[in-house]
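Visitor: pasting the sequence and the predicted model now:
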Amino acid sequence: MYTRAAAPRTAVVVGAGMVGLATAWHLQERGIEVTVLDRSGVAAGASWGNAGWLTPGMAMPLADPTLWSYAPKALLDATAPLHIPARLDPQLWTFLARFGLHATPKAWERAMAALTPIDRMALDAFDELTGSGVKAWTKKGPFIIGFEQEKESRPFVHEIRQVEKAGQSVPLHRLDDARLKVPQLSAGVSTVFEMEGQRFLEPGPFVEALAEAVRARGGRIVAGAEVRGLRHGPSGIAVDAYGHEPVSADVVVLATGAWLPKLARPLGVRTMVQAGRGYSFSVATEDPAEFPIYFPARRVACTPYQNRLRIAGTMEFRGPDEPLQTGRVDAILAAVRPLFTGMDLEHLEDIWVGPRPVTPDGLPLVGATRAPGVFVAGGHGMWGIVLGPATGKLLAEQIATGTVPEQIRPFDPLR
């Protein structure tokens, strides 16, 4: 465990996504001077093109018992929502083996119990940001949950009930007149629910606003700074980045998403982090899209986005820097064509792929490494946006006080 002789005065945060910038903002709240380094720029990774869902009621472990029914299809069907490339990749197959070991009811329940405390503080953490200078918005749902067949709804309803059993309130009601509220739904959607108590945002603009708030408080954000290593010395921890002078600070936070193992593994963080890449694009609709829409059986999430509808989906286990696979966009389109009407699915804009950092046990990596003064914040899987502000708040508390908050104890990166 990291111990310090005095409270830190300076920090370097590596990574300018939601998690990294929220951590920087909360470190500033505690009077710590912050520099943020990113190899590309603000919201350049998984924080830009995702669905922007603030759904703590759905922030649950990715590995669940249904994995055993759809994983074989992922290997054989290139259009399946979960895509695993058929190739010789020992690291990927090791990850998948460990991931599969957690796809049991008991493992899911343990992970859900560990996530529930931070899930419950997630929305308040957004209110703290927007109420203290972050000029961006979050909007309440309801979220529309659609199924082609009644029987497809049962696993989703069961999961929500399990989330409530773990300690959250997730109101879920059947809708009998769904098309009056959501005219985009086709007649192919037979069963519709309305889920309350959740919110959404436009992720890129929100993270940009968070970056501006960090700058307004005196923080420095350096784009194009790919960090290659850390060095401990008499003046603190020196962070070396290609093409830049070293930046020294009392503490360093690694919040590099799917690229976390490159810097964190030498520091004792052995939990695997696999890029689970998601894709999205936006389309025009005849009637304005007002509410988020989710098709659990197709694993497609849709969100109103700048007067269009953003359609996001797929979990593709590839390297974080591999090229965009157009076949995955085609697969999402094929999944939603029978489900929508009054929508232009021929002219796509904002086509995007981003790597989400997935851990085998479904829990983030938040806390101290074996290197004094170096911390990590990542591995949130699909929930980096919704849990980012709460993660930043709790980790900043640990860094400033030396005490690990109860909510992040299960996320020990040295577990």
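Guide: Perfect, thanks for sending it. Numbering: from 1, shown residues only.
Visitor: contacts and neighbour counts: CA atoms only from here.
Guide: Noted.
Visitor: ranges for the strands of the stretch 1-150 of the chain?
Guide: Along the stretch 1-150 of the chain, counting by DSSP state E, counting those that start in this stretch, strands occupy 10-14, 33-37, 53-54, 82-83, 139-140, 143-147.
Visitor: counting neighbours, what do you get for residue 216?
Guide: 12 (other Cα atoms under 10 Å).
Visitor: want to throw the strands of the stretch 1-150 of the chain into TSV with mean neighbour count?
Guide: Formatted as TSV, the strands of the stretch 1-150 of the chain follow (neighbours: other Cα atoms under 10 Å):
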stretch	mean neighbour count
strand 10-14	26
strand 33-37	25
strand 53-54	26
strand 82-83	24
strand 139-140	14
strand 143-147	24
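Visitor: worst average pLDDT in these?
Guide: Mean pLDDT per stretch puts strand 82-83 lowest among the strands of the stretch 1-150 of the chain, at a mean of 83.
Visitor: chain center to that strand: distance?
Guide: Offset of strand 82-83 from its chain centre (Cα atoms, centre = their mean, to the nearest Å): 17 Å.
Visitor: other SSEs contacting it?
Guide: helix 67-76, strand 308-317 (3 or more Cα pairs under 8 Å, 6 or more residues apart in numbering; DSSP states H and E).
Visitor: can you list contacts of the last one?
Guide: For strand 308-317, contacts defined as Cα atoms under 8 Å, 6 or more residues apart in numbering pick out 50-51, 80-85, 92, 274-285, 288-289, 299-304, 328, 332.
Visitor: just the CA trace of that strand, in CSV.
Guide: The C-alpha trace of strand 308-317 is given here as CSV (Å, rounded to 0.1, in the frame of the first residue of the first chain):
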residue,chain,number,x,y,z
ARG,A,308,-30.2,12.6,-35.0
LEU,A,309,-30.2,9.1,-33.5
ARG,A,310,-26.9,7.5,-32.5
ILE,A,311,-27.0,3.7,-32.9
ALA,A,312,-24.3,1.8,-31.0
GLY,A,313,-23.6,-1.8,-30.6
THR,A,314,-21.4,-4.9,-30.8
MET,A,315,-18.6,-6.2,-28.5
GLU,A,316,-15.6,-7.0,-30.6
PHE,A,317,-12.6,-8.6,-29.0
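Visitor: and that strand, what's buried?
Guide: 308-317 (16 or more other Cα atoms under 10 Å).
Visitor: and the next helix or strand past that strand?
Guide: helix 326-336 (DSSP states H and E).
Visitor: list the buried residues of that following helix.
Guide: For helix 326-336, the neighbour count (16+ other Cα under 10 Å) marks 328-329, 331-333, 335-336 as buried.
Visitor: can you redo those as a markdown table with pLDDT and distance to residue 17?
Guide: Output for those, formatted as a markdown table (pLDDT from 0 to 100; distance: Cα to Cα, whole Å):
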| residue | pLDDT | distance to residue 17 |
| --- | --- | --- |
| 328 | 95 | 24 |
| 329 | 97 | 24 |
| 331 | 95 | 27 |
| 332 | 97 | 25 |
| 333 | 97 | 28 |
| 335 | 95 | 29 |
| 336 | 97 | 29 |
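Visitor: so can I have TSV of those showing distance to residue 176?
Guide: Converted to TSV, the buried residues of helix 326-336 look like this (distance: Cα to Cα, whole Å):
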residue	distance to residue 176
328	33
329	31
331	29
332	26
333	26
335	23
336	21
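Visitor: thought residue 57 was touching residue 171?
Guide: No: judged on Cα atoms under 8 Å, residue 57 makes no contact with residue 171 at a distance of 9.2 Å.
Visitor: who's more crowded, the two?
Guide: Ranked by neighbour count (other Cα under 10 Å), residue 57 and residue 171 place residue 57 first, with 23 against 15.
Visitor: ok, the residue lying closest to the more buried one once chain neighbours are set aside - contacts?
Guide: Once flanking residues are discounted, residue 57 sits nearest to residue 170: 5.8 Å by Cα to Cα, 6 or more residues apart in numbering. If you count contacts by Cα under 8 Å, 6+ apart, residue 170 has them with 57, 160, 163-164, 195-197.
Visitor: same check, this time on residue 364
Guide: Contact analysis of residue 364 by Cα under 8 Å, 6+ apart lists 377-381, 411, 413.
Visitor: the contacts of strand 308-317 in helices, which ones?
Guide: Among these, the members falling in helices (DSSP state H) are 92, 328, 332.
Visitor: and which of those residues is nearest residue 42?
Guide: Closest approach between the ones in helices among the contacts of strand 308-317 and residue 42, by Cα to Cα: residue 328, at 25.3 Å.
Visitor: contact partners for that closest one?
Guide: For residue 328, the contact set (Cα under 8 Å, 6+ apart) comprises 79, 279, 314.
Visitor: same list, these, but as JSON lines with distance to residue 6 and pLDDT please.
Guide: Shown next, in JSON lines, are the contacts of residue 328 (distance: Cα to Cα, whole Å; pLDDT from 0 to 100):
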{"residue": "79", "distance to residue 6": "54", "pLDDT": "77"}
{"residue": "279", "distance to residue 6": "44", "pLDDT": "97"}
{"residue": "314", "distance to residue 6": "46", "pLDDT": "91"}
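Visitor: would you list these in CSV and tack on distance to residue 340?
Guide: Formatted as CSV, those follow (distance: Cα to Cα, whole Å):
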residue, distance to residue 340
79, 18
279, 18
314, 18
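Visitor: residue most distant from the centroid, the chain?
Guide: What lies farthest from the middle of the chain is residue 234; by Cα atoms, centre = their mean that is 36.1 Å.
Visitor: and it, how far from residue 406?
Guide: Relative to residue 406, residue 234 is positioned 32 Å away (Cα to Cα, to the nearest Å).
Visitor: how about low-confidence regions in the protein?
Guide: 1-5, 67-76 (pLDDT under 70).
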